[in-house]
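Student: give me coordinates for this.
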Amino acid sequence: MLPEVEAWLRGRTSSSDDWSLPGLLEAKGGTTVSVVLPARDEGGTVGEIVTAIRRELMEAVPLVDELVVIDSRSTDDTAARAAEAGATVLAQDEILPDLKPFDGKGEALWKSLAVTSGDLLVFIDADLREFRTSFVTGLLGPLLADPSVVYVKGCYDRPLREAQNGGGRVTELVARPLLNLHWPRLAGFVQPLAGEYAGRRSALERVPFVTGYGVELGLLIDLLELSGLDALAQVDLGRRVHSHQSTEALGGMAAQILQTAWSRLERQDMMIPLHEPSATLAQFRRGTSGHQATVRDVAVAERPPMITVPGYRSGPAR
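Tutor: Next up, the predicted model:
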């Protein structure tokens, strides 16, 4: 690794245990905090997560000011369970309705900027099992302790069957090699695709959001360019347990991450493109007559920095 990255690892990596609740409350002062859960068909887990955050970080102590679930076209009872547990629930497509709707997690995250008011935003995936509120407090720690930090990524062990850290296959096979190859200053992030992260509104509103699965990679690269490596941090959250996707689904995710990296390489003048990348992915399954191809659209749409959206500065617009 680069010496700069080694120094960053020593100075900008902490553990959730390093950030006590009393210390965070003292450091919070007048800073406001919004926690956002993007959710699609997560009725089995979203209620437990919302209940824990509301009980421990809103009712017991005034750390979190706003708890919002962005329902991303769920077909189950995600919205009802989240509302029953005490979250404000908003439908993704009803936010900024004058805009053409896009699909994907990044769309929900981007739109959350328009309907929340916190100075700091904490994003938590809604499919977590064995959720602990230390995920939230850990991510808030560096932001509340140091005003020069603008973005914090979670890192953790991701168990997969017998392997303690066997999850994160797209990270190890796609994202990490890409970052080491083209953005080596980001090589110190243990989980660059982690779905748990937090940032200052003042930074998040100034970068674009990829609407699909490339959102985490895009944010990391764009915030590095906007604010520099020392403004980024990571926190060890311990162990993350969640549902795992099929290899076929991970292939689609990997394709969108590659598309996201391509757009950043081009935008940052790090390559001379000689062709347009294909936006389709052919995958195969064995059928009764042999291998049958399924072709998917893996094009990556992108939302502009929220600060450029008309009316955003006048306050959250639903």
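Student: what's across from residue 39 in the sheet?
Tutor: residue 71 (DSSP bridges).
Student: for residue 131, which non-adjacent residue is spatially closest?
Tutor: residue 49 (4.8 Å; Cβ to Cβ, 6 or more residues apart in numbering). (Glycine included, C-beta is placed from N, CA and C.)
Student: for residue 155, see how far away that neighbour is.
Tutor: Distance from residue 49 to residue 155, counting by Cβ to Cβ, to the nearest Å: 19 Å.
Student: before we move on, what about residue 95?
Tutor: From residue 95 to residue 155 the distance is 30 Å (Cβ to Cβ).
Student: and for residue 215, the neighbour number?
Tutor: 29 (other Cβ atoms under 10 Å).
Student: no wait, residue 3
Tutor: Residue 3: 7 neighbours (other Cβ under 10 Å).
Student: state the distance from it to residue 188.
Tutor: Residue 3 sits 11 Å away from residue 188, going by Cβ to Cβ.
Student: hmm, who's touching the helix or strand containing residue 235?
Tutor: Here residue 235 sits within strand 232-239, counting by DSSP states H and E. Residues outside strand 232-239 that contact it (Cβ atoms under 8 Å, 6 or more residues apart in numbering) are 8, 12-16, 18-19, 130, 132, 134-135, 138-139, 141-142, 149-157, 159, 188-191, 196, 220, 223-224.
Student: go again using 7 Å as the cut-off
Tutor: With contacts defined as Cβ atoms under 7 Å, 6 or more residues apart in numbering, strand 232-239 is touched by 12-16, 134-135, 138-139, 141-142, 149, 151-157, 159, 189-190, 196, 223-224.
Student: now, the residues you listed that are in strands?
Tutor: Per DSSP state E, strands hold the following members of the contacts of strand 232-239: 13-15, 151-157.
Student: picking up where we left off before, just the buried members of the contacts of strand 232-239?
Tutor: Of the members of the contacts of strand 232-239, the ones counted as buried by neighbours, 16 or more other Cβ atoms under 10 Å, are 12-14, 16, 134-135, 138-139, 141-142, 149, 151-157, 159, 189-190, 196, 223-224.
Student: chain center to stretch 43-52: distance?
Tutor: The chain centroid and the centroid of stretch 43-52 are separated by 18 Å under Cα atoms, centre = their mean, to the nearest Å.
Student: rounded mean pLDDT for that stretch, please.
Tutor: Stretch 43-52 carries an average pLDDT of 97.
Student: residues contacting the residue nearest to the spatial centre of the chain?
Tutor: Note on the chain: the residue nearest the mean C-alpha position is residue 195, at 4.0 Å, using Cα atoms, centre = their mean. By Cβ under 7 Å, 6+ apart, the contact set of residue 195 is 125, 216.
Student: mind doing that once more with 10 Å?
Tutor: 38, 105, 109, 123-128, 153-154, 215-216, 240, 242 (Cβ atoms under 10 Å, 6 or more residues apart in numbering).
Student: and if you look at residue 255?
Tutor: Residue 255 neighbours (Cβ under 10 Å, 6+ apart): 174, 212-214, 277-281, 283, 296-300.
Student: distance of the residue nearest to the centre of the chain relative to residue 180?
Tutor: 21 Å.
Student: and what of residue 22?
Tutor: Residue 22 is 39 Å from residue 180, by Cβ to Cβ.
Student: neighbour count: these two, which is higher?
Tutor: residue 180 (12 against 8).
Student: is it correct that that one is in contact with residue 172?
Tutor: No - applying Cβ atoms under 10 Å as the test, residue 180 and residue 172 come out as separate, 11.3 Å apart.
Student: quick check, nearest of the contacts of residue 255 to residue 53?
Tutor: residue 213 (24.7 Å; Cβ to Cβ).
Student: can you count the residues close to that closest one?
Tutor: Residue 213 - counted by other Cβ under 10 Å - has 24 other residues nearby.
Student: now do residue 18
Tutor: Residue 18 has 14 nearby residues by other Cβ under 10 Å.
Student: for the residue lying closest to it once chain neighbours are set aside, what are its contacts?
Tutor: The spatial neighbour of residue 18 that comes closest, neighbours along the chain excluded (Cβ to Cβ, 6+ apart), is residue 141 at 6.5 Å. Each residue near residue 141 by Cβ under 10 Å, 6+ apart is listed here: 14-20, 23-24, 27, 134, 149, 152, 198, 233, 235.
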